[in-house]
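Q: Fold the following for me, if possible:
(one chain, ligands or ions: 2)
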Amino acid sequence: MNLRKKYNIPSNSVITIAGTVGVGKSTLTNALADALQFRTSFEKVDTNPYLDKFYHDFSRWSFHLQVYFLAERFKEQKKIFEYGGGFIQDRSIYEDTGIFARMHYEKGTMSETDYETYTSLFDAMVMTPYFPHPDLLIYLEGSLDDILARIDKRGRTMEKETPVEYWQEMHGRYEKWIDSFSSCPVLRLNINDYDATEGTSAIEPILEKVAVILEQKNLAKR
Ligand SMILES: Nc1ncnc2c1ncn2[C@@H]1O[C@H](COP(=O)(O)OP(=O)(O)O)[C@@H](O)[C@H]1O
Ligand SMILES: Nc1ncnc2c1ncn2[C@H]1C[C@H](O)[C@@H](COP(=O)(O)O)O1
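A: Residues are numbered from 1 along each chain as shown. Ligands and ions are numbered 1, 2, ... in the order given. Next up, the predicted model:
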């Protein structure tokens, strides 16, 4: 059974998955893409030349890393645009600026000049025709303890060695950020309410909710 057709989800939809590090974005990205026969757009972690250095010295590398992520996400965005949609995207570009760059600036690990340079670059890049907003942002939320357990389970040394206070700060910022996010429709999911590792049938309730929101969005366009 083609689940995309069953739930009448348009084949050109772009769904982005947001949430703090380790919450389960990549896992859900794969599960949804499988179920809908969509392409995926992932963050490249293993080949990122700055990430490991960044975790060892935020102040030295935060600007480099943000510019790198911005360039990578822009290339992905362009690819999605050129394919005409039909993508599940692991993490939104909005989190780079709304969570990460801002947090490092406000915590003093990115200078004001670097932050201004980064935000002006970000603003210039998102105001292009390559930058349609996604049709839906799925926001994953869970308790800090559950998320720390997942970071631990995944086992990236650089993340495991990062003080818990960093993840706690990020967790709090995400909660505030999503409450004021308005660039596209949002579906909030609690990670205790589904298990994306349990196969397609386990995520059908998510597809139903996705379908309702996309349908409402399309009706509003008419
Ligand atoms: N539903 C789930 N139940 C248990 N563990 C999960 C679930 N979803 C993801 N995980 C695990 O949590 C860790 C982080 O998940 P991942 O999808 O890589 O998060 P993110 O992409 O948000 O950083 C991984 O070890 C993954 O296997
Ligand atoms: N914009 C970013 N700034 C700093 N760090 C970032 C940014 N985007 C992603 N990251 C880090 C966080 C994680 O260590 C890896 C991958 O993120 P994940 O949430 O596990 O997909 O990159």
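
Q: and R173, how many residues sit next to it?
A: By other CB atoms under 10 Å, the residues close to R173 number 18. No exception for glycine: its C-beta is placed from N, CA and C like everyone else's.

Q: That should have said K221, apologies.
A: As a burial measure, K221 scores 6 neighbours (other CB under 10 Å).

Q: per-residue confidence at it?
A: You'll see K221 listed with a pLDDT of 77.

Q: measure it to D135 for me?
A: Separation of K221 from D135 (CB to CB, to the nearest Å) stands at 10 Å.

Q: How about the contacts made by the residue nearest to the spatial centre of the chain?
A: When the chain is reduced to its mean C-alpha position, the closest residue under CA atoms, centre = their mean turns out to be R91, at 1.5 Å. Contacts for R91 (CB atoms under 8 Å, 6 or more residues apart in numbering) come out as T16, I17, A18, K25, E43.

Q: residues contacting whatever residue of the chain ends up closest to ligand 2?
A: When distances are taken as CB to the nearest ligand atom, the chain approaches ligand 2 most closely through F100, which lies 3.3 Å from it. Contacts here follow CB under 8 Å, 6+ apart; on that basis F100 touches Q66, F69.

Q: That one falls within a helix, correct?
A: Yes. Checked against DSSP: H, G, I helix; E, B strand; the rest coil, F100 lies within a helix.

Q: Is any residue of the longest helix along the chain near ligand 2?
A: In terms of residue count, the longest helix belonging to the chain (DSSP state H) is helix 58-83. Yes. Using CB under 6 Å from any ligand atom, a contact is recorded between helix 58-83 and ligand 2, made by L65, Q66, F69.

Q: and V21, how many neighbours does it have?
A: Using other CB under 10 Å, the number of residues around V21 comes to 20.

Q: Tell me the secondary structure at it.
A: coil.

Q: and the worst-scoring helix or strand of the chain on mean pLDDT, what does it pack onto?
A: The helix or strand of the chain with the poorest confidence is helix 200-221; it has a mean of 91 (mean pLDDT, DSSP states H and E). Judged by 3 or more CB pairs under 8 Å, 6 or more residues apart in numbering; DSSP states H and E, the packing partners of helix 200-221 are helix 3-6, helix 25-36, strand 136-141, strand 186-190.

Q: after the longest one, next one along is what?
A: In the C-terminal direction, the helix or strand that comes right after helix 25-36 (DSSP states H and E) is strand 39-41.

Q: Just checking: what are the partner strands of that following strand?
A: Strand partners for strand 39-41, identified by DSSP bridges, are recorded as strand 87-90 (parallel).

Q: got the CA coordinates for the partner strand in PDB?
A: Extracted in PDB, the C-alpha atoms of strand 87-90 (Å, rounded to 0.1, in the frame of the first residue of the first chain):
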ATOM      1  CA  PHE A  87      11.800  15.600   0.600                       C
ATOM      2  CA  ILE A  88      12.200  14.900   4.300                       C
ATOM      3  CA  GLN A  89      14.800  17.200   5.700                       C
ATOM      4  CA  ASP A  90      16.800  16.400   8.900                       C
END
